[in-house]
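Peer 1: Here's my sequence, what's the structure:
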Amino acid sequence: MTKKTKGFDFEKSLEELEQLVALMEKGDLSLEDSLKHFERGIALTRACQKALAEAEQKVQILIKNQGKDELVPFEPEDKAD
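Peer 2: Numbers count the residues shown, from 1 in each chain. Modelled structure (predicted):
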């Protein structure tokens, strides 16, 4: 299940980034095309990083709203004494 935020598709952006990397690694591109693809890759990377940071903030808010912002050590019920 993928949720799009403001028209940004994280998975599609990662896929495009992977394709750009593969294309550039072949070494068949001109310098101009390489720079163009590199620039696009940087933009995709920044957009993905921003989306991940926003997702992390949402998770932190959800955890805090549920009163789960403090970790408690796990203790099994049938503890042998």
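
Peer 1: got the contact list for the helix or strand containing L20?
Peer 2: Assessed by DSSP states H and E, L20 sits inside helix 10-26. Helix 10-26 is contacted from outside by 2, 29, 34, 37-38, 40-41, 44-45, 47-48, 51-52, using Cβ atoms under 8 Å, 6 or more residues apart in numbering. For the C-beta atoms, the positions are set from N, CA and C on the backbone; glycine is no exception.

Peer 1: just stretch 30-43 next, same as before
Peer 2: Here stretch 30-43 has contacts from E16, L17, L20, V21, L23, M24, L29, using Cβ under 8 Å, 6+ apart.

Peer 1: got the buried residues for it?
Peer 2: In terms of neighbour count (16 or more other Cβ atoms under 10 Å), stretch 30-43 has its buried residues at H37, G41.

Peer 1: got the CA positions of it in CSV?
Peer 2: What follows is stretch 30-43, C-alpha atoms only, in CSV (Å, rounded to 0.1, in the frame of the first residue of the first chain):
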residue,chain,number,x,y,z
SER,A,30,28.2,11.8,-23.4
LEU,A,31,29.5,14.2,-20.8
GLU,A,32,26.5,16.5,-21.3
ASP,A,33,24.0,13.6,-20.9
SER,A,34,25.9,12.3,-17.9
LEU,A,35,25.7,15.6,-16.2
LYS,A,36,22.0,15.9,-17.0
HIS,A,37,21.3,12.5,-15.6
PHE,A,38,23.5,13.2,-12.6
GLU,A,39,21.5,16.4,-11.9
ARG,A,40,18.2,14.5,-12.1
GLY,A,41,19.6,11.9,-9.8
ILE,A,42,20.5,14.5,-7.2
ALA,A,43,17.0,16.0,-7.4
